[in-house]
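> Quick one: sequence and predicted model below, then my questions.
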Amino acid sequence: MRATLILPGLVLLTFGLFLRSYTLAPAPDRRGGTTLQLTWPNRPVFGSPRADCLGTPADEPVVPCLIASVNRARGEGIALIQLPFCATCYALSERIARLGRDEAAVQARLTQIARFGW
């Protein structure tokens, strides 16, 4: 009896280890949305282009980083479900990215990113 419960539990645990969400905010030129995907666990559970680009130097251009982040997320994972934009997921990705970073530098970078509608 226990073996029949342990095996599905291990499968779900392994599946959960590789499950990630990536949220792209809507803008005039794109629909936006949240994608649940299977990918290597080298990315945060909740990801977004803004979160990926917070750690880059202030003098580096923002747009190439944002585009590369989206391309990397689409190219590395296997999309399971495409959902409408999830504001909570987007906010969580930003909060996770802010952990352990200088608040003034993060705010300056977010202001730079916001100028481009991301």
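That came in fine, so what should we check first?

> Can you pull out the low-pLDDT segments for the protein?
Residue ranges of the chain with pLDDT under 70: 1.

> how about the spatially most central residue of it, what does it touch?
Geometric centre of the chain, nearest residue: residue 47, 1.1 Å, by Cα atoms, centre = their mean. Contact partners of residue 47, counting by Cβ atoms under 8 Å, 6 or more residues apart in numbering, are 20, 21, 22, 23, 73, 93. C-betas here are computed from N, CA, C, even on glycine.

> The same query, at a cut-off of 10 Å, please.
20-24, 34-35, 37, 39, 69, 72-73, 77, 89-90, 92-93, 96-97 (Cβ atoms under 10 Å, 6 or more residues apart in numbering).

> all strands of the chain, in order?
Counting by DSSP state E, the segments of the chain that form strands are 19-24, 33-38, 46-47, 78-83.

> Turn the ones you listed into JSON lines, columns for distance to residue 113.
As requested, the strands of the chain are exported to JSON lines (distance: least, Cβ to Cβ, whole Å):
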{"stretch": "strand 19-24", "distance to residue 113": "13"}
{"stretch": "strand 33-38", "distance to residue 113": "18"}
{"stretch": "strand 46-47", "distance to residue 113": "15"}
{"stretch": "strand 78-83", "distance to residue 113": "23"}
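
> Need the winner for burial among the ones you listed.
Stretch with highest mean neighbour count among those: strand 46-47 (a mean of 25; mean count of other Cβ atoms under 10 Å).

> ok, now which ones touch the closest residue to residue 28 other than its chain neighbours?
Closest residue to residue 28 in three dimensions, ignoring its sequence neighbours and counting by Cβ to Cβ, 6 or more residues apart in numbering: residue 117, at 7.3 Å. Each residue near residue 117 by Cβ under 10 Å, 6+ apart is listed here: 25, 26, 27, 28, 29, 30, 66.
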